[in-house]
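J.: predicted model and sequence below, questions to follow.
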Amino acid sequence: METITNDIEIIKVQAFSNYKVISMNLEGITHEESMIFPNGDANCMNWILGHLIYIRNAFLNILGEEPVWNGEKFSAYNRGEIPLNRKDEFVNFEDLKSYLKSSQDKLESAFSKLEKIEPENVNDIAILSFHEIYHSGQLGYLRRILGKPGAIK
């Protein structure tokens, strides 16, 4: 008999909820809109989504899964990069949405096989979950800045 502990359920619910909120905030956003840098320098939606996927790959790695892309090729989305300086390397927004879906499918697959969270991974998993929550909120504000109605009612 399979035993699922609460800690696994918590991260499953967080990852699913984050994915839903992110997806809702991306609805109806064009590639052109995703490339707008508010105030001329604040991160655009394209970078935030690419960055979320980039960091999700680390999450997948911790869970023993393969990343959805090669980090070197997509390094413009890495933490510490200056997005405005690397915008010519950004991926089409629709392609990013596909990578997000792939990362979600892989996360859900990893969670379904997970029997326990190793103590040495607790801190990383908690921070990675927080990271997604932080950036999903940014996507909500960017959506409004772009003149779209709020996605979360």
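T.: Arrived safely. Numbering: from 1, shown residues only.

J.: what about the helices in this protein?
T.: 6-26, 31-34, 45-62, 83-86, 93-113, 122-145 (DSSP state H).

J.: how about these, which one is nearest G71?
T.: helix 45-62 (6.3 Å; Cβ to Cβ). The C-beta positions use only the backbone N, C-alpha and C, and glycine is treated the same way.

J.: hmm, back to that, let me know which of the helices of the chain is tucked in deepest.
T.: helix 45-62 (a mean of 22; mean count of other Cβ atoms under 10 Å).

J.: follow-up on the earlier one: K153 is nearest to which of the helices of the chain?
T.: Here helix 6-26 is closest among the helices of the chain (Cβ to Cβ), at 9.5 Å.

J.: what angle do the closest one and helix 45-62 make?
T.: Helix 6-26 and helix 45-62 are oriented at 160 degrees to each other (axes from the mean of the first three to the mean of the last three Cα atoms, to 10 degrees).
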